[in-house]
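Chemist: This is a predicted model, with the sequence first.
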Amino acid sequence: MDKDEIHLRRLPAAAPWGPHGDSEFHGVDFLPDDLSEAPDETGMRVNKKYSCLPAEEKGIHIINIRAIEDIGYDQHESTLLNSLSKNPDADCKYGLYFRDGKRKVDYILVYHYKKSSSGRALARRTHHNDTSARSTKQDHPLPGKSVQLEMGESEPPADSHEDDKRFRREEYEGNLVEAGLELEHDEDTKIHGVGFVKIHAPWNVLCREAEFLKLKMPTKKMYQINQTHGLLKKINSVIQKITEPIQPKVAEHKPQTVKRLSYPFSREKQHLFDLSDRDSFFDSKTRSTIVYEILKRTTCTKAKYSMGITSLLANGVYSAAYPLHDGDYEGENVEPNDRKLLCEEWASYGVFYKYQPIDLVRKYFGEKIGLYFAWLGVYTQMLIPASIVGIIVFLYGCATVDENIPSMEMCDQRNNITMCPLCDRTCSYWKMSSACATARASHLFDNPATVFFSVFMALWAATFMEHWKRKQMRLNYRWDLTGFEEEEDHPRAEYEAKVLEKSLRKEHKHKEKHRYFPEEAANKWRQRVKTVMAGTDKEKLTWKDRFPAYLTNFVGIIFMVGLTFAIVFGVIIYRISTAAALAISSTPSGRSSVRVTVTATAVIINLVVIIILDEVYGCIARWLTQIEVPKTDKNFEERLIFKAFLLKFVNAYTPIFYVAFFKGRFVGRPGDYVYIFHSFRMEECAPGGCLMELCIQLSIIMLGKQLIQNNLFEIGIPKMKKFIRYMKLKRRRSLDHEEHVKKKQRYEVDYNLEPFAGLTPEYMEMIIQFGFVTLFVASFPLAPLFALLNNIIEIRLDAKKFVTELRRPVAVRAKDIGIWYNILRGIGKLAVIINAFVISFTSDFIPRLVYLYMYSENGTMHGFVNHTLSSFNVSDFQAGTAPNDPMDLGYEVQICRYKDYREPPWSENKYDISKDFWAVLAARLAFVIVFQNLVMFMSDFVDWIIPDIPKDISQQIHKEKVLMVEVFMREEQGKLQMLETWKDKDKKKGENCNNHSPRLSRSHSGSLSSCHSYPLDV
């Protein structure tokens, strides 16, 4: 037996068990220092512990191993079970390192276990990679088993399901050890019933995986970054001095003048890299990424199909898997770390005015999350000019409201314009001057400046997209992602399970078909294994296999969209019925505020429904994506994003689309109204148009969604979940004083944090907000301002959530924001079309132009209101629809007015659509075509004129390629020179050997032959 191996067989059968308590060692591994330095030598021994066989079959009875003190091993004929220091947790920095204080914890696996007895719990503490407790051969039973029989103890019957999970964990962890990882267990924690597996990746594993993953690492070669000269240099220096107070105090954020040349890591070219400090060469983010890649591809076959870490988590074999945070972010005597620095300079509301330390965010969380916050920062910066222009447009409307002739005519009491009733029977005639406030408010948003603002926002969207592409290229260069290409990811566990199930089903059909052939019966088992094992690689899911899922997706999405329309229709019924009910009110104030009350309450109902359905649709979209069984995680994410965006887009914008394009379009006319269910008359727009109501709808939904869903939910729900988790743990925790005094390990603290659920919810809320800012901006110029205020809070809120509330996510490499960029471009194109229709059909901009240039007698807007109103003879009311109180205004009404372009009652074709209607419609359609094509052309021109890659970045990328070629050329020249030198030495030695006697030549033949085999070390 090797001297480093643990001698379980040398324990005497009658040896008394030590009196040591289990709290002394906390159930941790104990590994000799030299053993940890030689993973290749100990791998075979350690792996025996993770054999698939239960412990009892190997001659070890778990209940008899009472504590780690009972297991001794010899090294240099001495015992290495030294007493621990006074504070062993401080040596390992409270869980950031293994118990030896040297090996860093790169990843954590968490599992639940049931303690059937104290002995069994103590036994699990010996479950370490360092201990070869299960390496004892089956024909050498432990004396402890006979001791257990003598003591008359019996192990209680264990739960078979828990044992199955334990066996799977043992096999999986054994496979991890075979892959080169080092493990350490800890079950003696403050969280009862929860065990932790600490994973460390040694240097050779990190190098191997970095080469597999083609990670670009900085080399020793450094080069100067091209600096600007002349006037640009002076401008940049002035800008740097001005913006210095708003720069974060982070080393990574300072402008760099030199940069290290990066190259994909290779073990054969380690001399190119600066390996002076191996501990910091691979940072914690890279180490956790490497370990996660190993966890994903390592499988456990103790099931019907092979299971990676995702399947093991889904099946409850492990309850969690996550990398550790760098340390605490608050408290006294906290060591400086990146998490603490991020909390102070990024995740604090006090630094809302500062730039984000994007490079530090990328260093800690990875490129994918770094790109999200970089995109959010660029989007927020670009909202500043849009907000300023929107405020100017709004102030222009405020300044010109008293000069607006149409609103002045509506407010003039001398214009005795009597309007037709807004509902049947209960509503009476009313004066147009009573809608004066609505008309004046409409001018704030319905003025010529809004057309300019719509064009401006279309160009703004195109500029924003181009600016982001340039920023993205700068980040790719800075983060060494220029040559990065995403490779096909590992197939998802669910996909592999479906493929295996398909293979087994096909093999079963084949077996049933050839059941009567004798050769099939003879080679039954061999054929089954060969078919299944070969089928999993060749088989794949076709559209026929996924057809039921596709059909379910189609029906489900149609049903959800129909549900959204039905809810909007229900709100319409509510508005109509509530307006009719309030019209019966005996108080004049109640009758005068009918429209405002109905609009406000309906919008609030819409907001509540939207928030509820958003959560429901998110869950439904995930379920619909799961039943499709996408092959990779990337496919899964893209399909999920598409479905969730489609459903949430319809949910958020359907009420707004109704008010903008459908309300008041299909009401009919007095005497011939359109009815719903033969009782509810379709609602009309206000005399000032539907634009004001669209503005109210858009503002309340946008602000309410941001305030409630984006901020309160993001703050409240994680804190509530954290509190519930804390109460559960507190209920399970014993009242032992030591448990409360002992400081929690880092992995215990992180376990209580909320798991990271991906960036899809974060992107989704910003994309929906981007739609509010661009799609209907013609009706609400202040939308960019409210979006800017929200995003200033959102950045710090998300930062605080990532740093303090969530477990540390696994760093994912990415060079762009993926499918979200295409969605943003699509929304930008759609915004042009929608704003064109809002300006032409929802606002009165086109009717005013038509009146001004075709019908105005003096070239002014005087008489515009009268021109847009048609006349109706009250004697033509249908039976039962006339007002119950026709004398409500104090005089008898014979002719009432309504907003439409129709022939008067004294015309031959009374109440038919007039030619003015067709003239306005033609002008509206022409405006849509001209506006859409003009703005699209201008947007494409902006896209074309701004290069995607900044000129200086393209020069630096080219410079890097040239420098890398030079490095390798010099290396090759050095090799050739060395080879020529060695050849010359060989010739000289050969001549010297020929001058010796034959006896000496024969005696030195070995040395002569060795002359031609020099090791090459560059």
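Modeler: That came through fine.

Chemist: The closest residue to residue 685 other than its chain neighbours sits in which helix or strand?
Modeler: Computed as C-beta to C-beta, 6 or more residues apart in numbering, the closest residue to residue 685 that is not its neighbour in sequence is residue 664, at 3.6 Å. Just so you know, the C-beta spots here come from the backbone N, C-alpha and C atoms, and that holds for glycine as well. Here residue 664, judged by DSSP states H and E, is contained in no helix and no strand.

Chemist: How many residues are close by residue 664?
Modeler: Residue 664 has 18 neighbouring residues, counting by other C-beta atoms under 10 Å.

Chemist: so how far is the stretch of helix or strand residue 555 belongs to from its chain's centroid?
Modeler: Assigned by DSSP H and E, residue 555 belongs to helix 543-583. Helix 543-583 sits 28 Å away from the centroid of its parent chain (C-alpha atoms, centre = their mean, to the nearest Å).

Chemist: I'd like the average pLDDT over that helix.
Modeler: What helix 543-583 shows for mean pLDDT is 88.

Chemist: With stretch 623-637 instead?
Modeler: 88.

Chemist: Report pLDDT for the closest residue to residue 447 other than its chain neighbours.
Modeler: Closest residue to residue 447 apart from its sequence neighbours, by C-beta to C-beta, 6+ apart: residue 397 at 4.9 Å. For residue 397, the pLDDT comes out at 89.

Chemist: Settle this for me: residue 397 is touching residue 443, isn't it.
Modeler: Yes: Residue 397 is within contact range of residue 443, at 5.9 Å (criterion: C-beta atoms under 8 Å).

Chemist: that older thread, would you quantify the distance from the residue nearest to residue 447 to residue 851?
Modeler: 20 Å (C-beta to C-beta, to the nearest Å).

Chemist: just residue 988 next, same as before
Modeler: 106 Å.

Chemist: can you check residue 644 too?
Modeler: On the measure of C-beta to C-beta, residue 644 and residue 851 end up 46 Å apart.

Chemist: Compare residue 988 and residue 851 and say which one has the larger neighbour count.
Modeler: Just comparing residue 988 and residue 851: by other C-beta under 10 Å the higher neighbour count belongs to residue 851, 23 against 11.

Chemist: Three-state assignment for that one, please.
Modeler: helix (DSSP: H, G, I helix; E, B strand; the rest coil).

Chemist: top strand in this protein by residue count?
Modeler: In the chain, taking DSSP state E as the definition, the longest strand is strand 216-224.

Chemist: for the next helix or strand after that one, which positions count as buried?
Modeler: Later in the chain than strand 216-224, the nearest helix or strand by DSSP H and E is helix 231-243. Buried residues in helix 231-243, counting neighbours by 16 or more other C-beta atoms under 10 Å, are absent.

Chemist: spatially speaking, which residue is in the middle of the chain?
Modeler: residue 759 (0.9 Å; C-alpha atoms, centre = their mean).

Chemist: Against residue 464, how distant is that one?
Modeler: On the measure of C-beta to C-beta, residue 759 and residue 464 end up 19 Å apart.

Chemist: try residue 626
Modeler: For residue 626, the distance to residue 464 - C-beta to C-beta - is 34 Å.

Chemist: For those two, indicate the residue with more neighbours.
Modeler: residue 464 (21 against 15).
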